[in-house]
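This is the structure alone, sequence omitted:
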């Protein structure tokens with residue numbers, strides 16, 4: 001894949017192919033290992049390894065900052081914070097941090113992480129056909145974080161591009177990587193969430209933050 005990188009990049013940037021067509025043309029790219037490799041070719045940073053380690057680095061400060069917010073944010077994050085406090089699995093804790101971050105930024109977590117019961121896969125397939133980009137999580141029961149998911153994947157332009165992932169945090173990292181690899185724009189409904197992923201967690205172009213993300217970054221630097 002390294003030998004054909006330049007051809008792929010030219011095709012993505014100049015032709016802006018549909019995801020379905022690009023996946024048919026370059027199927028080997030749509031594997032976890034290759035997405036990590038392609039992202040590193042682009043920015044010279046590891047993807048999942050860096051995303052997860054940086055998320056862990058900021059985890060406690062993020063949760064402290066989120067806990068301090070009142071009003072609607074507190075209502076939306078109270079259940080998530082409770083699960084975070086009781087969680088023993090690192091994957092559960094990371095998932096809770098991400099799920100609390102989105103409403104803290106004034107965005108809808110259901111636009112990023114779509115959860116379905118294992119018994120409703122047909123409904124899930126119909127729903128995902130209209131999704132621009134998201135992480136999907138299939139559980140035995142919806143929102144049951146106490147049990148490991150049955151499946152975790154990524155959908156872009158209604159196309160399931162990844163599945164069988166180990167955690168929601170890894171899926172979010174890979175979705176960010178695919179946005180870079182496929183030269184896609186951040187969805188407007190999640191622009192602050194992805195800006196945090198990029199500029200705070202991954203530290204890519206951190207000097208150009210929006211006021212909202214810059215404010216969060218300042219809180220993370222000052223929170224003890």
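Done, it's in. Note that the structure is a prediction, hence the values are computed from the model and not measured. Numbering: from 1, shown residues only.

where does the chain dip in pLDDT?
142-146, 223-224 (pLDDT under 70).

at 80 instead, please
141-147, 222-224 (pLDDT under 80).

tell me which strands and helices the lengthiest helix in it is in contact with?
Assignment by DSSP state H gives helix 48-67 as the longest helix of the chain. Using 3 or more CB pairs under 8 Å, 6 or more residues apart in numbering; DSSP states H and E, the elements in contact with helix 48-67 are helix 32-43, helix 71-86, helix 90-104, helix 168-181, helix 211-222. All C-beta atoms are positioned from the backbone trio N, CA, C, and that covers glycine.

got the contact list for the closest residue to residue 69 other than its chain neighbours?
Spatial nearest neighbour of residue 69, excluding adjacent residues (CB to CB, 6 or more residues apart in numbering): residue 104 at 6.1 Å. By CB atoms under 8 Å, 6 or more residues apart in numbering, residue 104 lies in contact with 65, 66, 69, 73, 77, 216.

tally of neighbours for the fourth one?
By other CB atoms under 10 Å, 17 other residues sit near residue 73.

That one against residue 67, yeah?
No. Applying CB atoms under 8 Å, one finds residue 73 not in contact with residue 67, separated by 9.9 Å.

hang on, the earlier thing: need the helices and strands packed on helix 48-67 in a markdown table (columns: distance to residue 196).
A markdown table is the format used below for the helices and strands packed on helix 48-67 (distance: least, CB to CB, whole Å):
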| stretch | distance to residue 196 |
| --- | --- |
| helix 32-43 | 17 |
| helix 71-86 | 15 |
| helix 90-104 | 7 |
| helix 168-181 | 10 |
| helix 211-222 | 6 |
